[in-house]
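**Q** How does the following fold in three dimensions:
(one chain, ligands or ions: 1)
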Amino acid sequence: MEQWLATKEEVIEGKTTDVYFVRIEECLLGDNLDKTKVWAEVTTGGIPRDSKNLVFLGLQDVLNLLSEAQLPVNIYSIKEGTVLPNTDINGVKIPFLVIEGAYGDFAIYETPLLGLLCFQSGVGTSALRIRKAAEDRILLSFGIRRMPPTIAPIIDRACYVAGFDGISCVLSAEKLGIEATGTMPHAFIMIKGGIEDAMISFDKHIDSEVSRIALADTFNDERVEVLQALNALGDKLSGVRLDTPSSRKGSFRDIIQEIKWELKQRNREDIKIFLSGGLNEESILELKDIADGFGIGTYVSNSPTIDFALDIVEIESKAIAKRGKFAGRKQIGYCENCQTFLCDDFLKEEIVCQTCGKRMNKLLEKVMENGKILSKHPTPKEIREYVLRQKEERVEL
Ligand SMILES: [Zn+2]
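**A** Model (predicted):
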């Protein structure tokens, strides 16, 4: 079977690079310049959707790639899951990751390295905005069907570490060590001929630990189908999911309020209301006061990427930069007192906050030496806790 997918081996060999890197490596080798020592920084000129901060993700994959490719380079990076702006307090572009080594050794890996960081950071940034908008409502990642199946776990990992509560993909759940979440497809209700028979079948065959949540919009009005599902399962019904198509939505808010009223009349205010279908940040802000949870699909899985670039800022210990970039080795200072970021000389022993005068934490840490990964990477759960701690600090995302 012909597959338009790169294998892991092809990526490690550097075959997914842009051809111009292959050509200039040949030139550098021919001119004996391939061992030119450089310091190259990953920065970005902006963050999509007018976000003030991004979530830096993809570091683990970058380190695994460079280590498996056995590149004799040093890497300095901020922690995976750090939430920060793209420039410091003075407008200097923040270096998220730095490669130190011979340019000819790593040039062809620029393409896959950026691809790993740009995509995951893009999904994570959208997911954190959704997390913030939804406050404490349940958030589920439902977007993997919009993307190639091989990257489903990458999408779900980014959503999970950015604060989503659950994901729908079986493989992603296995990798993350959590339970996959879902209700039932419309196809099942159609085959069973209606919501009542579908719920009875689900209740008969599915482990009792799994929540009984009815998808209530297949053939009839949502209010009618919710009551049919309640009639079929009684006390066992724990929630309803409304996936109302846009052609029928009218006022979604009114539909939900009618359902809540009917449930209240029957003393079943405990039944949770989940919404899905084309939701975004605006719809969450609009509906979160009357919903218990949201299934978010395309908005996160098709997130705009963070357009990171890799640029040389030092050649053979001499600061140099192309137009639009800032020359020289930099460290990033972070002030816990006033939440500001400041780029300063990498070799400075101490970075002092220019706003409050306090000593700043240095964010760039050495994570790879001569191709060897220096420490164990945090688990997705640990990265998630780190992201959510920062969400409280950053007023604006
Ligand atoms: Zn400060």
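
**Q** Up against the ion, what does this structure have?
**A** 335, 337-338, 353, 355-356, 358 (CB under 5 Å from the ion). C-beta coordinates here come from the backbone N, C-alpha and C atoms, glycine included.

**Q** Tell me the buried residues within those.
**A** 335, 353 (16 or more other CB atoms under 10 Å).

**Q** between the residues of the chain next to the ion, which is nearest Ala152?
**A** Cys335 (38.6 Å; CB to CB).

**Q** Report the separation between that closest one and Gly324.
**A** Using CB to CB, to the nearest Å, Cys335 is found at 27 Å from Gly324.

**Q** Could you measure from Ile351 over to Val83?
**A** 19 Å.

**Q** let me redo that: Trp261
**A** 40 Å.

**Q** Looking at the two, which is more packed in?
**A** Shown here are Trp261 and Val83; by other CB atoms under 10 Å, Val83 has more neighbours (22 against 10).

**Q** thinking the more buried one is in contact with Val55, fair?
**A** Yes: using CB atoms under 8 Å, Val83 is in contact with Val55, at 5.5 Å.

**Q** which residues do the two both contact?
**A** Residues touching both Val83 and Val55 comprise 128, 387, with contact defined as CB atoms under 8 Å, 6 or more residues apart in numbering.

**Q** Please, which helix or strand holds Leu33?
**A** Per DSSP states H and E, Leu33 falls between elements, in no helix or strand.

**Q** now it: how far from the ion?
**A** 43 Å (CB to the ion, to the nearest Å).

**Q** Excluding sequence neighbours, find me the nearest residue to that residue.
**A** Of all residues not flanking Leu33 in the chain, Gly104 sits nearest, at 7.4 Å (CB to CB, 6 or more residues apart in numbering).

**Q** so what pLDDT did the one you found get?
**A** Looking at Gly104, its pLDDT is 97.

**Q** Mind telling me what element it is part of?
**A** With DSSP H and E as criterion, Gly104 is part of helix 103-106.

**Q** what's the distance between the helix or strand that that helix is followed by and the middle of its chain?
**A** As assigned by DSSP H and E, the chain's next helix or strand after helix 103-106 is helix 110-134. Its chain's average C-alpha position is 4 Å from that of helix 110-134, according to CA atoms, centre = their mean, to the nearest Å.

**Q** Give me the contacts around the next helix or strand after helix 110-134.
**A** Downstream of helix 110-134, the next assigned helix or strand under DSSP H and E is strand 138-141. For strand 138-141, contacts defined as CB under 8 Å, 6+ apart pick out 127, 130-131, 155-156, 159-160, 163-169, 181, 272, 274, 276, 292-296, 300-301.

**Q** Quick check: the gap between the most centrally placed residue in the chain and Lys192.
**A** Centroid-nearest residue in the chain, with CA atoms, centre = their mean: Gly124, separated by 2.2 Å. Gly124 sits 38 Å away from Lys192, going by CB to CB.

**Q** hang on, the earlier thing: return the members of the contacts of strand 138-141 classed as buried.
**A** 127, 130-131, 155-156, 159-160, 163-169, 181, 272, 274, 276, 293-296, 300-301.

**Q** Return the subset of these lying in strands.
**A** 166-167, 272, 274, 276, 293-296 (DSSP state E).

**Q** And those, which two are furthest apart?
**A** Farthest pair in those, by CB to CB: Ile167 and Lys272, 18.1 Å.

**Q** Run a quick neighbour tally on Ile206.
**A** 12.

**Q** May I have the phi/psi pair for Lys358?
**A** Dihedral angles of Lys358 (phi, psi; degrees, to the nearest 10) stand at phi -80, psi 160.

**Q** Excluding sequence neighbours, find me the nearest residue to it.
**A** Asn337 (4.8 Å).

**Q** Can you tell me how far that neighbour is from Arg266?
**A** Taken as CB to CB, the span from Asn337 to Arg266 is 53 Å.

**Q** how about low-confidence regions in the stretch 101-250 of the chain?
**A** Counting by pLDDT under 70, the stretch 101-250 of the chain contains no low-confidence range.

**Q** I'd like to know how far Asp34 sits from Thr16.
**A** 21 Å.

**Q** oh, I was asking about Leu116
**A** Leu116 is 11 Å from Thr16, by CB to CB.

**Q** So between these two, which is more surrounded?
**A** Neighbour totals were compared for Leu116 and Thr16, and Leu116 leads with 22 against 15 (other CB under 10 Å).

**Q** I figured the more buried one hits Asp61, correct?
**A** Yes: contact criterion CB under 8 Å: Leu116 and Asp61 qualify, at 4.5 Å.

**Q** Where do the domain boundaries of the protein fall?
**A** Domain assignment for the chain by automatic domain parsing gives 8-122+304-329+363-393, 133-301.

**Q** Turn those into a markdown table, columns for distance to Asp345.
**A** Listed next are the domains of the chain as a markdown table, based on distance: least, CB to CB, whole Å:
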| stretch | distance to Asp345 |
| --- | --- |
| domain 8-122+304-329+363-393 | 7 |
| domain 133-301 | 32 |
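
**Q** count of neighbours near Val224?
**A** Count around Val224 with other CB under 10 Å applied: 15.

**Q** so which helix or strand takes in it?
**A** helix 222-233.

**Q** Give me the contacts around that helix.
**A** Applying CB under 8 Å, 6+ apart, the set of residues contacting helix 222-233 is 194-197, 199-200, 203, 212, 214, 216-220, 237, 240, 242, 244, 255, 258-259, 262-263, 266, 268, 271.

**Q** Name all residues that make contact with Ile383.
**A** 80-81, 161.

**Q** Give me the distance between it and the ion.
**A** With CB to the ion as the criterion, Ile383 and the ion are 26 Å apart.

**Q** Cys118 now?
**A** 30 Å.

**Q** One more: Cys169?
**A** For Cys169, the distance to the ion equals 42 Å [CB to the ion].

**Q** wait, isn't that residue in contact with Ile154?
**A** No: here Cys169 does not reach Ile154: they are 10.5 Å apart, not a contact under CB under 8 Å.

**Q** The closest residue to Glu369 other than its chain neighbours pairs with what?
**A** Spatially, and ignoring its direct neighbours in sequence, Glu369 is nearest to Asn74 (5.5 Å; CB to CB, 6+ apart). When assigned by DSSP bridges, Asn74 has beta-bridge partners Glu100.
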